[in-house]
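Colleague: Next input, structure requested:
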Amino acid sequence: MIKRNSLSKKVIHYQQTCMVRYAILDVATVFSAIAFMLSRNVFYLVISLLLLLYLIKLRPTKGKLVEDLVLSKEDRLQFENEDRPL
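Modeller: So this is what the prediction gives:
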């Protein structure tokens, strides 16, 4: 039970960290798009598109989560077992 709780806390912390990262990038993307609409400077459009591509690249996957959290074998097996909740 303690191991499950530990893995659950790790996943929740990872989720929160990713959400903050995505929010910051999202705000920068929208700000850049608005700057393009106001100034008609293509530079801001390019920045906005690059940030959008970067957001797509950062999309969460199981593999990234396992890699980023550096899970032990037990935690990895528990995480990959989809039958049981964390």
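Colleague: what's the offset of the longest helix anywhere in the chain from the middle of its chain?
Modeller: Secondary structure of the chain read by DSSP state H shows that its longest helix is helix 2-39. Chain-centre distance of helix 2-39: 6 Å, with C-alpha atoms, centre = their mean, to the nearest Å.
Colleague: Any buried residues in that helix, and which?
Modeller: Leu7, Lys10, Val11, Cys18, Thr29, Ser32, Ala33, Ala35, Phe36 (16 or more other C-beta atoms under 10 Å). Using the backbone N, CA and C atoms, a C-beta is placed for each residue, glycine as well.
Colleague: what angle do whatever helix or strand comes next after it and helix 2-39 make?
Modeller: Scanning forward in sequence from helix 2-39 by DSSP states H and E, the next helix or strand is helix 42-57. Counting by axes from the mean of the first three to the mean of the last three C-alpha atoms, to 10 degrees, helix 42-57 lies at 160 degrees to helix 2-39.
Colleague: Could you check helix 42-57 and say which residues are buried?
Modeller: Tyr44, Leu45, Ile47, Ser48, Leu51, Leu52.
Colleague: Please save the CA atoms from it in CSV.
Modeller: Extracted as CSV, the C-alpha positions of helix 42-57 are listed here (Å, rounded to 0.1, in the frame of the first residue of the first chain):
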residue,chain,number,x,y,z
VAL,A,42,5.3,37.5,-39.6
PHE,A,43,8.0,37.0,-36.9
TYR,A,44,5.3,36.6,-34.3
LEU,A,45,3.4,34.1,-36.4
VAL,A,46,6.5,32.0,-36.8
ILE,A,47,7.1,32.1,-33.1
SER,A,48,3.5,31.1,-32.4
LEU,A,49,3.7,28.2,-34.8
LEU,A,50,7.0,27.0,-33.4
LEU,A,51,5.6,27.1,-29.9
LEU,A,52,2.5,25.2,-31.0
LEU,A,53,4.8,22.5,-32.6
TYR,A,54,6.8,22.3,-29.4
LEU,A,55,3.5,21.8,-27.4
ILE,A,56,2.6,19.0,-29.7
LYS,A,57,6.0,17.4,-29.2
